[in-house]
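J.: sequence and computational prediction follow.
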Amino acid sequence: MAPPFIKQAVKVVQDNFLEMSSYWDKLGEDRILEFNHWMKRYFMDTVFITAVSKPARSLLCYYNEINPDNELNVPEFVLKEADTFLQSIDALVQSLIYFISIPRIIRNFPGIHKYTQYIKDKINWLKNDINDIIKSRREEIFKMPVNQKLIPDILVMFLTANTERDVTEQIVDDLHDKPMSDKDVESNLLAVLSGGISSSANTMCFIVYYLENYPEVKQKMMEEIEHVIGKDPDSSFTFESLSKLEYLEAIIKEESRLKASCPNIARVNSVPEYVGGYRWSKGTNFLINVDGIHYNASYWKNPHTFDPNRFLKDPENERNNYMFGGGMRKCPGRNLAMVELKVTLVMLYRKYDIELMSPLKEHIKTVRRCSELKIRLKRKVQN
Ligand code: HEM
């Protein structure tokens, strides 16, 4: 992704974290937080605002939901829209597997049909919402003088790619030399929303779980943060200083090696291939076993041990890590994801001590999900 966009994201994520921590502070230190639910809303808001520069307000909505006696005063329609948005994103993620794995005839059985219709309705709502945003932004850009600088969010990058106002610094390749239609923009935005929220939310939960179980790793991470960025939980920081947090980056990679968000990656071969000594005809469905690669003792020393240092000592390890997949379809949001995770970890750990209040529960289907992680936060005393 274009560097100006990533640099801007550092600030956007910091602002979003401050909003979340203001709700935590209001709830008080005795409150047990369902961290997995918070992270889902947090990354929903973060991805939405980085994508279209509009607030999704799902954190606010969640705060009101779990704190009915002390709700913040927000118009009902805002909360309703935030709620529908969250449900629609969930439906979109579920649809990716549902419509591929359940045959049409079964989807239309009485009883099941109602659920099928629910998913379709939610996705249609989301598409309409996204389309309104696309149309009004296209119009806004069209009316702006050519020399006026555009804020490079994801939508603006899609809308201007291969036009005279391209903010992507010609990120596209020679095969894609035409501007994107509204339909192209819609499907790419939906891919961003379905790919960019739960992956980051789950990764954050797993990282916190590891850090709380490996105090020596947490200590080393804190020393690096204090050295590079400083101790003051309220001071802001830049992309440049974030890039110097090598140990923090190694922690993220090591967590994702042990608990990859996508434990299986799907591919279809477009030409006949030889794999594993067999010839596979064109159009074969492959599932790449990412966990199998990440736990393979021929690539990793003590593969089941959590040891972030392995990514500092041996740069070769980078090649065998498929946290973001690989090849042409490698995650296009990986730079943004790294920035989001680093900013969040810095802000979380500079400000709070964390106490785990439940074992972590995980659930693996197509993706690896954290289905429960309860924590309590205590503000750090500054000395
Ligand atoms: C820790 C966070 C994330 C992880 C672990 C992750 C992981 C992945 C993986 C494994 C894939 C499949 C790659 C392949 O098939 O080789 C993928 C695809 C994708 N990711 Fe991410 N991702 C993360 C965050 C994001 C973010 C923040 C965005 C966007 C804002 C994003 C957008 C996408 C999209 C659009 C695809 C589909 C790409 C395609 O089909 O060509 N991801 N991601």
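T.: Arrived safely, thanks for sending.

J.: OK, contacts around the residue nearest to Ala266 when sequence neighbours are not counted?
T.: If the residues on either side of it in the chain are set aside, Ala266 comes closest to Leu287, at 5.8 Å by C-beta to C-beta, 6 or more residues apart in numbering. The way it works is simple: take the backbone N, C-alpha and C, and place the C-beta from them, glycine included. Residues near Leu287 by C-beta atoms under 8 Å, 6 or more residues apart in numbering: 264-266.

J.: tell me the one of the residues you listed nearest Lys365?
T.: Asn264 (9.9 Å; C-beta to C-beta).

J.: tell me who's in contact with the closest one.
T.: 287-291, 366.

J.: need those residues in JSON lines (columns: distance to Ile130).
T.: Output for the contacts of Asn264, formatted as JSON lines (distance: C-beta to C-beta, whole Å):
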{"residue": "Leu287", "distance to Ile130": "30"}
{"residue": "Ile288", "distance to Ile130": "30"}
{"residue": "Asn289", "distance to Ile130": "34"}
{"residue": "Val290", "distance to Ile130": "30"}
{"residue": "Asp291", "distance to Ile130": "33"}
{"residue": "Thr366", "distance to Ile130": "23"}
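
J.: so how do I select the buried members of those residues in PyMOL?
T.: Buried members of these, defined by 16 or more other C-beta atoms under 10 Å, are picked up in PyMOL with:
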select buried, resi 288+290+291+366
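
J.: so which of the contacts of Asn264 belong to strands?
T.: Taking DSSP state E as the definition of strands, the contacts of Asn264 contribute 287-289.

J.: and which of the residues you listed is nearest the ligand?
T.: Taking C-beta to the nearest ligand atom as the measure, Ile288 is the one of the ones in strands among the contacts of Asn264 closest to the ligand, at 8.2 Å.

J.: from the contacts of Leu287, which are also near the ligand?
T.: Intersecting the contacts of Leu287 with the surroundings of the ligand, defined as C-beta under 6 Å from any ligand atom, gives Ile265.

J.: where strands are concerned, which of the contacts of Leu287 count?
T.: 264-266.

J.: sorry, back to before: reformat the ones in strands among the contacts of Asn264 as a markdown table; add pLDDT and distance to Ser199.
T.: A markdown table is the format used below for the ones in strands among the contacts of Asn264 (pLDDT from 0 to 100; distance: C-beta to C-beta, whole Å):
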| residue | pLDDT | distance to Ser199 |
| --- | --- | --- |
| Leu287 | 90 | 18 |
| Ile288 | 93 | 17 |
| Asn289 | 95 | 18 |
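
J.: got the residues of the protein near the ligand?
T.: 47, 191-192, 195-196, 199-200, 203, 256, 261-262, 265, 323-326, 329-333, 336-337.

J.: 5 Å instead?
T.: 191-192, 195-196, 199-200, 203, 261-262, 265, 324-325, 329-331, 333, 336-337 (C-beta under 5 Å from any ligand atom).

J.: for ChimeraX, write a command that selects the buried ones of these.
T.: The ChimeraX selection below is limited to those of the residues of the chain next to the ligand classed as buried (16+ other C-beta under 10 Å):
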select :192,195,196,199,200,203,261,262,265,324,325,331,333,336,337
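
J.: and the residue in the stretch 1-150 of the chain positioned nearest to the ligand, what helix or strand is that in?
T.: Nearest residue of the stretch 1-150 of the chain to the ligand: Val47, at 5.3 Å (C-beta to the nearest ligand atom). If you go by DSSP states H and E, Val47 is part of helix 35-52.

J.: what angle separates the least confident helix or strand in the chain by mean pLDDT from helix 35-52?
T.: Ranked by mean pLDDT, DSSP states H and E, the helix or strand of the chain with the weakest confidence is helix 76-101, at a mean of 88. For helix 76-101 against helix 35-52, the angle by axes from the mean of the first three to the mean of the last three C-alpha atoms, to 10 degrees is 100 degrees.

J.: from the chain's centre, how far out does helix 76-101 sit?
T.: 16 Å (C-alpha atoms, centre = their mean, to the nearest Å).

J.: next SSE after that helix?
T.: helix 104-107.

J.: just the buried residues of the next helix or strand after that next one, please?
T.: For helix 104-107, the following helix or strand on the C-terminal side (DSSP H and E) is helix 112-143. Neighbour-count burial for helix 112-143, counted by 16+ other C-beta under 10 Å, picks out 116, 119, 122-123, 125-127, 130, 133-134, 137, 141.
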